[in-house]
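**Q** Build me a model from this:
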Amino acid sequence: MTTDVPLIEIENAEVYRGDTRVFENLSLRIAQGRHTAILGPNGAGKSTLLRLLSRELYPVHREGSSVRILGHDRWDVFELRRQLGVVSHELQMQYTRTVRGLDVVLSGFFSSVGIGYHSHLNPSPEQRARAQSVLEQLGATALAQKAIGEMSSGEQRRCLLGRALVHDPACLVLDEPTASLDLKAKFELIGTIRQLVHQGRTLVLVTHHVDEIPPEVERVVLLRAGRVVADGKKSDILTSERLADLFETKMHLAEQRGFFYAIPD
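**A** Residues are numbered from 1 along each chain as shown. Now for the predicted structure:
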């Protein structure tokens, strides 16, 4: 796949969740290799956008409307997982407490939630070796036989990240990856994400936490009520005025060592 082809290209998409129209004319283009954060408050449409990218939702079919990933508007979901590694809070909540860490990672090969309840899912020795290798890469080998219900939130997140990495995808799509983590786990996970970016993966971060946007992110898209309200270079978009307007609250935005954080004004 040539790098000239956009990673994500959405044109005039109208998208519903149930009877609720979330997007009316959404247009968004993300190039391969362009690390991007999509920032917005709760209710902005971030989770719907994730489902659109993972092909769990589709736009209303109409002329002039399309959603393309790497140039294609139709994908086999298993092949798509080899291109986009998605980690979301909704996915994390689907796993039962007894699923082991290794099985969480192995389920990435089958786009399933675990493998123990599916008798037809039989990972090959090569797949098991790859899953173990990914856990080692993430510093999480001790989690292989640990039940997810006995893990901390940070440990669970590492297993889900491993699930996304088994296919060595070119792009990682992360949904609020540090939500609910304590400071140690948060800093460790951000460090891991930065390492993965430096290995050549494109990062698309969907969040309402400005402080989890790593310095490597070059572009920020502001999303509110199903609309893109600003889009551009991070230094131009992340300002106190823009974020105060986005979240409808007074704040002061500060930067240190490439990270941004907001404090009450």
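
**Q** Number of residues surrounding residue 125?
**A** Neighbours of residue 125 under the rule other Cβ atoms under 10 Å: 7. In short, each C-beta sits where N, CA and C put it, glycine included.

**Q** try residue 105
**A** Neighbour count for residue 105, taken as other Cβ under 10 Å: 32.

**Q** so it sits in a strand?
**A** No - according to DSSP: H, G, I helix; E, B strand; the rest coil, residue 105 belongs to no strand; its state is helix.

**Q** wait, what's in contact with it?
**A** Contact analysis of residue 105 by Cβ atoms under 8 Å, 6 or more residues apart in numbering lists 131, 134, 135, 159, 162, 163, 166.

**Q** and which of these is nearest to residue 180?
**A** The nearest member of the contacts of residue 105 to residue 180, counting by Cβ to Cβ, is residue 159 at 14.6 Å.

**Q** pretty sure residue 250 contacts residue 265?
**A** Yes - the pair residue 250 / residue 265 is scored as a contact, 3.9 Å apart, by Cβ atoms under 8 Å.

**Q** where do the contact lists of the two overlap?
**A** Shared contacts of residue 250 and residue 265, defined by Cβ under 8 Å, 6+ apart, comprise residue 244.

**Q** Can you show me the helices along the stretch 101-250 of the chain?
**A** Applying DSSP state H, counting those that start in this stretch to the stretch 101-250 of the chain gives helices spanning 101-106, 125-137, 153-165, 183-198, 234-237, 240-247.

**Q** Run through the neighbouring helices and strands of the third one.
**A** In this structure, helix 153-165 makes packing contacts with strand 84-87, helix 89-94, helix 101-106, helix 125-137, helix 183-198, judged by 3 or more Cβ pairs under 8 Å, 6 or more residues apart in numbering; DSSP states H and E.
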